[in-house]
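Colleague: next one to model:
(3 chains)
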Amino acid sequence: MGTDILTIRDMSIHYDTPRGTLKALRHVNVNVPKGKIIGVVGESGCGKSTLISSIIRLLAPNADMASGSITFDGKELYDLSEDEMRGLRGTDISMVFQDPMQTHNPVLTIGRQMTDIQYRDDKTAEQKKARAVEMLTQVGIPDPEARLEQYPHEFSGGMRQRIAIAMALMARPKLLIADEPTTALDATLEVQIIKRLEELQADIGCSILFISHHLGVIAELCDEVVVMYAGEVVEQGSVREVFHSPQHPYTKALLECDPGHIKKKTRNLPTIPGEIPNLVDVPPGCAFAARCPRVFDECHTKRPAWTQIKDGQHALCHLAAKESVQ
Amino acid sequence: MTALLEVKDVKVRFPLGGGFMSSIGMAPKTSIEAVAGLSMTIEAGETYGIVGESGSGKTTIARAIGGLHHAQEGSIKFNGTELRGLDESQFRPLRKDISMMFQDPIGSLSPRLTIKSLLTEPYKIQGMKDRDLEAEAKRLLGMVGLPADFAGRFAYQLSGGQARRVGVARALALDPKLILADEPTAGLDVSVQGELLNLLAGLQNKLGLAMIIITHNLNVVRHITDRMGIMYLGRFVEEGLTEDIFSNPQHPYTLALLAANPEPDPDAQLARIELKGEPPSLIMRPGACEFHPRCPFVRDNCSVGESPVWDTSNPVHSHRCHWPGQHTTA
Amino acid sequence: MADTENTKTRGEFAEIIYHLVRDPLGCTGFVIVTAFVFIALFADFIVPYDPIGLNIKDRLQGPSAAHLMGTDQLGRDTLSRVMMGSRVALQVALPTIGGAMFIGILLGMIAGFGSRTVDNAIVLFFDTIRSFPTVMFALAVVALVGPSLTTVIFVIMMTSIPTYGRVVRTQTLSLRNSEFILAERSLGASVARILGVHILPNVMGPLAVLAAMDIPTVIGLEAGLSFLGMGVKPPTPSWGSILNDGYSLIRNTPWIIVAGGIPLILTTLGFTFLGEALRDVVDPKLRGTK
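Modeller: Take a look at the predicted model:
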């Protein structure tokens, strides 16, 4: 485990709601190895946002960590004081958000915002500015000196997301959490952002937790992938293993549904029939049982175990457990 | 025989807030051309895709056809009737034949109305009082595969996919001849996207209606459309049979869009094409070929001189490029 | 995971009352307001004494079994006067707020949905009224038509219009380009239908709160104007006149001002609770989340 920057073990997060206890995350396991890019994929309601908030310890007030632990760089995150945690955010752990139009303060220049976030560094104003220019150059913003004087509204969405990435990586964090950073952008701009992110990661050597619903991008960018469904991590492994031999039926179905996967023209696209279970009243067995094509009796009664398939590939499925025994 | 919809050289301009000086006539009024001369024909029962990125004018042309935006130039003929210049009361009877779907599945449903009221609104608006509204609501819900007890719910109680089905049902209520669907899969998960596209394809087959699908996602149009057009800065850069365009793209922008939808396979040969910079502003359109500042295969004559003409030598596959199909830098 | 409880076929109005009563604050507000309206309507039958009947020998008494809230300087029973005064309060509050809301909604929606010119004109009208001091305006009207309750109602109504109009206008502006309005337009809905069926229900929520909170202000204004001799004339009891009497007699007995203040505070709270609860309850999305 010494090679992981972030380890999440058996974590459950519950929300107290008027309709009952919403079990948003249940016994989740995630490893983020040092210097790797880990993709997190899952559809709406799978618990992606709760996972992110739990890592940066900014959970909603009605959330409760019912079990588990998060270890970051050898430290148990939930044992840190609030001050220590604040020290981590923005330096060792930083984030890029989905909507580039809302991540910047509209009344301050980009330059001001980029020097402000270096407040922890013992540098002169000149040095801070030089660092800002350097970062903007790296993310491919032309004429960075002049653009430091401009306000966020003078930049396009793609530019703003580059600036957000520059700001997130300025302190050379150990872990970057990128929450659907390209979803709000056009496809041709997405390509640019992915390329920059790849280059910067290679340069800084940080780990990236890359959340996306776009399987194609995950396949292209990430080393490993974590598949989430209805508040559980159902599979984790190298991108190649998971995409070529998915072990969990949900992963398999999701890959089949991706339109990029379907080469031949068809008027009957694959789907996953049914709906995600109610997370207030979670079924006792496997969360995917009701929609699973390979369901059998045990699936409805017993929660599957987190089973190692082969080195580095795990799945949360009775089938996987059975087959690995044989 | 006339086509169901004939759009010819349509231009839609939006005025720019020119400030005080222009409002009192001291400065010239400026405007941007969101749709800058677009033509297409759609036959009855055909599915047509309009693909483009944000700012390409795809939503604007749909709204111009649907009578929600005013087109300053050109002609939009539906079943032989000129739509451009009709006022709201003249347009109203035509709204039975042309129905629209909007991007946000939940946001496009009036939040204070129950699903039943939402579904029966089209009849009330069109003054069809003789209909049994209860039965119509039930029929429509059945058509899009929703249980009848959904009638009493509100939009916010539905998932994105369910709300989208309600949107489809509403669009079908008046038995239209043409549906304009703006990003019908926006905000839906992949597993639900497929369901929705299957539903649309099935209904379209059964009811024989024509459909225009507006999207930024090529994967959406690939399986469901017969023909498609790729829009860039308010014009088509390529138009033709969907299969032709996918197998033999002529314009570099089309190629870049195709490459931007990678297969979910880490071992796939990725030929991603990175376009330069950002889409230019509509206020300052580039000269010569409008795509040249971003084109990865730009050649000498692309950046100066004449802009490429709309080449219709192949009647089922047109394009606007000096070097069609030659995706290399000379 | 939609809540299936709400799919029961209950009428919209019954639904609102049902959820209102289930909310503790809403229920409190509902009870206070109902009591207030009941007392105002049936004051004639339930007052223990004649509210304007003099009884000099029992004057300035504290609370007792005979006079629960004591008596004033003329020996009139304060409780009876308070109960009777609620009638004036209601008489002023309902028409002023009702009228101001009606005109405010109308003008606000026209401003929000209409052309720039119409909008500018209506906003200018709002600002003009706003910038007029209420008392000066009242004095001018009184000079023209003479003092009466109707004058008070008219003046307060006119000066309250902008409060409602502005809220409605902002809401309408933010809704007019939303997708569901576009969707209605694409079906051919008329402007009247869009405003009435789709925009109005969405602006009513904030308005209900505003109106509920405005009621105490209006009652207070009536008291003030009556004090200046521009409203209700003695001996008709109103909460304003009771407070004024209590104020001048506070050295002799504090009971009058306490007795006159309590109903004002109670109705303020009652209408505020009711308004807040109403806002949540009329919005189906917020309904049942508390």
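Colleague: tally of neighbours for residue C:64?
Modeller: Residues lying near residue C:64 (other CB atoms under 10 Å in any protein chain shown) number 11. Bear in mind the C-beta positions are built from the backbone N, C-alpha and C, glycine included.
Colleague: from residue C:252, how far off is it?
Modeller: Distance from residue C:64 to residue C:252, counting by CB to CB, to the nearest Å: 16 Å.
Colleague: the strand or helix carrying residue C:192 near chain B at all?
Modeller: Using DSSP states H and E, residue C:192 falls within helix C:191-193. Yes: counting by CB under 8 Å from any CB of the partner chain, chain B is contacted by helix C:191-193 at residue C:193.
Colleague: and the residue in the stretch 201-326 of chain A that chain C sits nearest to, how many residues sit next to it?
Modeller: As assessed by CB to the nearest CB, chain C sits closest to residue A:278 within the stretch 201-326 of chain A, at 5.0 Å. Around residue A:278 sit 14 other residues, with neighbours defined as other CB under 10 Å.
Colleague: for the closest residue to residue A:76 other than its chain neighbours, list the residues it contacts.
Modeller: Spatial nearest neighbour of residue A:76, chain neighbours left out: residue A:69 (5.9 Å); criterion: CB to CB, 6 or more residues apart in numbering or on different chains. Neighbouring residues of residue A:69 by CB atoms under 8 Å, 6 or more residues apart in numbering or on different chains: A:8, A:9, A:10, A:11, A:76, A:77, A:78.
Colleague: which of the residues you listed count as buried?
Modeller: Buried by 16 or more other CB atoms under 10 Å in any protein chain shown: A:8, A:11, A:77, out of the contacts of residue A:69.
Colleague: residue A:65 is in contact with the first one, correct?
Modeller: No: using CB atoms under 8 Å, residue A:8 and residue A:65 do not qualify as a contacting pair, with a distance of 11.0 Å.
Colleague: quick check: closest non-adjacent residue to residue A:189.
Modeller: residue A:158 is the one closest to residue A:189 (CB to CB, 6+ apart), at 4.0 Å.
Colleague: okay, and that neighbour sits in which element?
Modeller: Using DSSP H and E, residue A:158 falls in helix A:157-169.
Colleague: swap in residue A:252?
Modeller: Going by DSSP H and E, residue A:252 is part of helix A:249-257.
Colleague: tell me the mean pLDDT over that helix?
Modeller: Regarding helix A:249-257, the rounded mean pLDDT is 91.
Colleague: cool, and stretch B:314-330?
Modeller: Stretch B:314-330 comes out at a mean pLDDT of 84.
Colleague: what's that stretch in contact with?
Modeller: B:227, B:235-241, B:244-245, B:248-252, B:255, B:289, B:291, B:296-299, B:301-302, B:307-312.
Colleague: ditto for stretch C:44-59
Modeller: The contact list for stretch C:44-59 (CB under 8 Å, 6+ apart) reads C:39, C:67-68, C:71-77, C:79-81, C:83-84, C:235-237.
Colleague: tell me where chain A has helices.
Modeller: All helices of chain A, identified by DSSP state H, fall at A:48-55, A:82-88, A:110-116, A:125-138, A:144-147, A:157-169, A:187-204, A:215-221, A:239-244, A:249-257, A:297-301, A:318-325.
Colleague: nearest to residue B:278, of these?
Modeller: For these, the distance to residue B:278 is smallest for helix A:157-169, at 5.4 Å, taking CB to CB.
Colleague: remind me what the closest one packs against, helices and strands.
Modeller: If you count contacts as 3 or more CB pairs under 8 Å, 6 or more residues apart in numbering or on different chains; DSSP states H and E, helix A:157-169 packs onto strand A:93-96, helix A:110-116, helix A:125-138, helix A:187-204.
Colleague: tilt between that helix and helix A:125-138?
Modeller: 130 degrees (axes from the mean of the first three to the mean of the last three CA atoms, to 10 degrees).
Colleague: not counting sequence-adjacent ones, nearest residue to residue B:176?
Modeller: residue B:99 (4.2 Å).
Colleague: doesn't that neighbour fall inside a strand?
Modeller: Yes: under DSSP: H, G, I helix; E, B strand; the rest coil, residue B:99 falls within a strand.
Colleague: dump the residue contacts of it.
Modeller: B:122, B:170, B:171, B:172, B:173, B:174, B:176, B:178, B:179, B:180, C:186, C:187.
Colleague: just the ones in strands from those residues, please.
Modeller: B:178, B:179, B:180 (DSSP state E).
Colleague: out of the residues you listed, who has the most neighbours?
Modeller: residue B:180 (26 neighbours).
Colleague: quick one: contacts for the residue positioned nearest the centre of chain A?
Modeller: Residue closest to the average C-alpha location in chain A (CA atoms, centre = their mean): residue A:211, at 3.1 Å. Residues counted as contacts of residue A:211 (CB under 8 Å, 6+ apart) are A:39, A:40, A:41, A:48, A:52, A:177, A:178, A:179, A:180.
Colleague: before we move on, back to that, in PyMOL, select just the buried ones from the contacts of stretch B:314-330.
Modeller: Buried members of the contacts of stretch B:314-330, defined by 16+ other CB under 10 Å, are picked up in PyMOL with:
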select buried, chain B and resi 227+235+236+237+238+239+240+241+244+245+249+250+251+252+255+289+291+297+298+302+307+308
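Colleague: now the common contact residues for residue A:8 and residue A:65.
Modeller: residue A:54.
Colleague: how about the helices in the stretch 101-250 of chain B?
Modeller: B:115-125, B:133-143, B:160-172, B:190-207, B:218-224, B:242-247 (DSSP state H, counting those that start in this stretch).
Colleague: now for the helix or strand following the shortest one, which elements pack on it?
Modeller: Think helix B:242-247. Next along the chain after helix B:242-247, taking DSSP H and E as the criterion, comes helix B:252-259. When contacts are defined as 3+ CB pairs under 8 Å, 6+ apart, helix B:252-259 sits against helix A:187-204, strand B:227-232, strand B:235-241.
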